[in-house]
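In: below: sequence and its predicted model.
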Amino acid sequence: MPHERLAELLRQHLDQLSAERRRKGFERVITERLSGDGIRGPRYRVAGYEQPFIRMNSNSYLGLAADPRLIAAAEAATHRFGVGPGAVRFISGTLAPHVALEQRLAVFHQRDAAMLFSSAYAAVLSVITSLTTPDTAIISDELNHNCIINAIRLARPREKLVYRHLDLEQLDAALAQASQTCRRAIVVTDGIFSMRGMHAPLDRIAAIVARHDAAFAENVPLIVDDSHGVGAFGATGRGSEEYCGVQADVLIGTLGKAFGMNGGYVVGSQIIIASLRETGPTYIYSNPITAAEASAALTALTILESVEGQERLAHLRAMTERFRQGLRERGFETLPGAHPVVPLFVRDPAATAALVDQLFARGVLATAIMYPVVPRGDDSIRFQISAEHTPADIDEVIAALRN
């Protein structure tokens with residue numbers, strides 16, 4: 001059946017995105033990973049280009065995605081369980097590596113229980129929609145990730161209150177306002193704000209939540225999505241909670257960034273996790289991650305908790321600071337912080353896109369971040385440091401920017 005009128009509207013929208021340099025449809029295809037030589041870290045081949053590239057836009061903060069131990073664990077699990085789970089969890093899709101990983105994650109985060117999801121995005125959707133009732137207020141930081149924004153839309157709370165980024169006085173006022181109309185309030189925040197690399201002050205947020213909790217008949221649970229924090233932030237890689245010295249009521253993490261594979265998870269009390277297993281739509285009706293991914297994640301956790309893990313974290317912090325210092329010395333605008341997401345603010349869409357193109361010509365893969373991913377005027381390049389980067393890699397990228 002032809003749809004000419006709809007097709008024309010969609011075409012106009014795509015043309016507008018292209019004109020504004022905001023269209024993401026063009027995807028560079030990585031065809032090969034080349035091992036490092038000790039001085040330089042790994043390089044990547046891109047379809048259509050001869051030169052190898054340094055990858056400065058990967059979430060693999062610990063550099064574990066191609067680790068032979070993770071590959072071996074995934075391969076062994078594949079031979080034992082097959083390439084897919086074959087069913088959702090409550091039918092026959094729960095495999096031994098799923099249970100083992102959930103138990104390890106609960107211990108790692110010092111919680112009663114954990115549950116796996118196909119992604120952290122799916123985890124956020126299930127947690128927020130499942131814990132929201134018609135008498136709930138959801139209070140959210142304005143720069144929270146898209147998954148939180150969409151989860152709130154799907155949850156349809158009685159009140160949706162968005163406070164200015166990290167404006168805790170406005171958070172305090174929002175809770176006071178919500179207490180007049182709602183039996184329950186949910187405060188939700190990113191642990192690490194993914195476009196800026198800044199952490200939420202969870203200790204101060206938790207104190208505000210605790211101060212208002214008695215005003216709500218059904219409490220004020222604090223939900224933190226720390227997908228960019230876990231494995232990359234905090235003294236032992238336990239994320240923003242560890243850095244701030246406090247625990248959220250519900251913590252959401254991912255296996256798809258620092259741990260190097262796919263999947264998301266939630267940790268919390270026994271009763272919250274048990275409830276989510278009965279009500280979370282993206283858990284109940286979606287296949288889980290594969291046995292291979294769960295087994296590789298178990299191996300990544302073991303590495304992170306070892307002496308080697310501490311060494312990787314220390315190296316990651318050193319490379320992050322080397323890069324930030326290089327930007328500062330050359331007069332680029334960035335933000336302070338210890339997280340390996342390092343933004344370089346350009347504040348103009350065309351100039352941002354042009355600088356990314358220039359970096360690509362010099363063998364550097366980086367990503368332009370523009371509206372609506374970030375507010376207008378915050379156009380930037382998001383650099384992401386990895387433990388697989390070396391001092392020579394960092395200096396190479398800084399030199400490419402200087403030139």
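Out: Happy to help now that I have it. Just so you know, these numbers come straight off a predicted model, no measurement behind them.

In: CA only for contacts and neighbour counts going forward, please
Out: Will do.

In: which parts of the stretch 201-350 of the chain are helices?
Out: Under the criterion DSSP state H, counting those that start in this stretch, the stretch 201-350 of the chain carries helices at the ranges 202-212, 240-244, 270-279, 281-284, 291-304, 307-329, 349-361.

In: buried residues in the third one?
Out: Neighbour counts over helix 270-279 (16 or more other C-alpha atoms under 10 Å) mark Ile272, Ile273, Leu276, Arg277, Thr279 as buried.

In: okay, and the closest residue to the last one other than its chain neighbours sits in which element?
Out: The shortest distance from Thr279 to any residue that is not its chain neighbour, by C-alpha to C-alpha, 6 or more residues apart in numbering, is 5.9 Å, and that residue is Ser130. Applying DSSP states H and E as the criterion places Ser130 in helix 120-131.

In: got the contact list for that helix?
Out: 116-117, 147-148, 150-152, 154-155, 225, 227, 252-254, 263-266, 276, 279-283 (C-alpha atoms under 8 Å, 6 or more residues apart in numbering).

In: among those, name the buried ones.
Out: With neighbours counted by 16+ other C-alpha under 10 Å, the contacts of helix 120-131 contain buried members at 116-117, 147-148, 151-152, 155, 225, 227, 252-254, 263-266, 276, 279-283.

In: circling back: out of the buried residues of helix 270-279, which is nearest to Pro2?
Out: Thr279 (39.6 Å; C-alpha to C-alpha).

In: correct me if wrong, but Met115 is in a strand.
Out: Yes: the assignment for Met115 is a strand, going by DSSP: H, G, I helix; E, B strand; the rest coil.

In: residues contacting it?
Out: Shown in contact with Met115 (C-alpha under 8 Å, 6+ apart): Glu102, Tyr265, Val266, Val267, Ile273, Arg277.

In: ditto for Asp141
Out: Applying C-alpha under 8 Å, 6+ apart to Asp141 gives the contacts Val162, Tyr163, Arg164, His165, Leu166, Val188, Thr189, Asp190.

In: what's across from the residue lying closest to the last one once chain neighbours are set aside in the sheet?
Out: Setting aside the residues directly before and after it, Asp190 is nearest to Asp225 in space (C-alpha to C-alpha, 6+ apart), at 4.8 Å. Listed beta-bridge partners, Asp225: Asp190, Ile252 (assigned using DSSP bridges).

In: the residue nearest to Ala210 when sequence neighbours are not counted - how many residues pack around it?
Out: Leaving out its chain neighbours, the residue that sits closest to Ala210 by C-alpha to C-alpha, 6+ apart is Val220, at 7.8 Å. By the measure other C-alpha atoms under 10 Å, the count of residues near Val220 is 26.

In: and the gap between Val220 and Ala176?
Out: Here the criterion is C-alpha to C-alpha, to the nearest Å. By it, Val220 lies 12 Å from Ala176.

In: shared neighbours, those two?
Out: Common neighbours of Val220 and Ala176 (C-alpha under 8 Å, 6+ apart) are His212.

In: tell me the domain ranges of the chain?
Out: Taking automatic domain parsing as the criterion, the chain consists of the domains 21-67+307-402, 68-304.

In: would you mind measuring the gap between the ends of the shortest one?
Out: Between the opening and closing residues of domain 21-67+307-402 lies a distance of 23 Å (C-alpha to C-alpha).

In: what stretches of this structure score poorly on pLDDT?
Out: 1, 403 (pLDDT under 70).

In: export the buried residues of helix 270-279 to JSON lines and tack on distance to Arg317?
Out: JSON lines is the format used below for the buried residues of helix 270-279 (distance: C-alpha to C-alpha, whole Å):
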{"residue": "Ile272", "distance to Arg317": "34"}
{"residue": "Ile273", "distance to Arg317": "33"}
{"residue": "Leu276", "distance to Arg317": "35"}
{"residue": "Arg277", "distance to Arg317": "37"}
{"residue": "Thr279", "distance to Arg317": "39"}
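
In: closest to Gly377 out of these?
Out: Leu276 (39.1 Å).

In: for that closest one, give me its contacts.
Out: Leu276 sits in contact with Ser126, Val127, Ser130, where contact means C-alpha under 8 Å, 6+ apart.

In: now these in CSV, with distance to Ala215 and neighbour count?
Out: As requested, the contacts of Leu276 are exported to CSV (distance: C-alpha to C-alpha, whole Å; neighbours: other C-alpha atoms under 10 Å):
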residue, distance to Ala215, neighbour count
Ser126, 26, 24
Val127, 23, 27
Ser130, 22, 18
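
In: how far away is the closest residue to Ile30 other than its chain neighbours from Ala353?
Out: In this structure, Ile30 finds its nearest non-sequential neighbour in Val46, 4.4 Å apart by C-alpha to C-alpha, 6+ apart. As judged by C-alpha to C-alpha, Val46 and Ala353 stand 19 Å apart.

In: please apply the same query to Val307.
Out: 41 Å.

In: could you do Glu102 as well?
Out: From Glu102 to Ala353 the distance is 41 Å (C-alpha to C-alpha).

In: any idea which element Ile398 lies in?
Out: helix 391-402.

In: that helix to helix 307-329, inter-axis angle?
Out: Helix 391-402 and helix 307-329 meet at an angle of 20 degrees, taking axes from the mean of the first three to the mean of the last three C-alpha atoms, to 10 degrees as the criterion.

In: can you point out the buried residues in helix 391-402?
Out: For helix 391-402, by 16+ other C-alpha under 10 Å, it's Asp393, Ile394, Glu396, Val397, Ile398, Ala400, Leu401.

In: return the residues in contact with the fourth one.
Out: Contacts for Val397 were tallied using C-alpha under 8 Å, 6+ apart; they are Val364.
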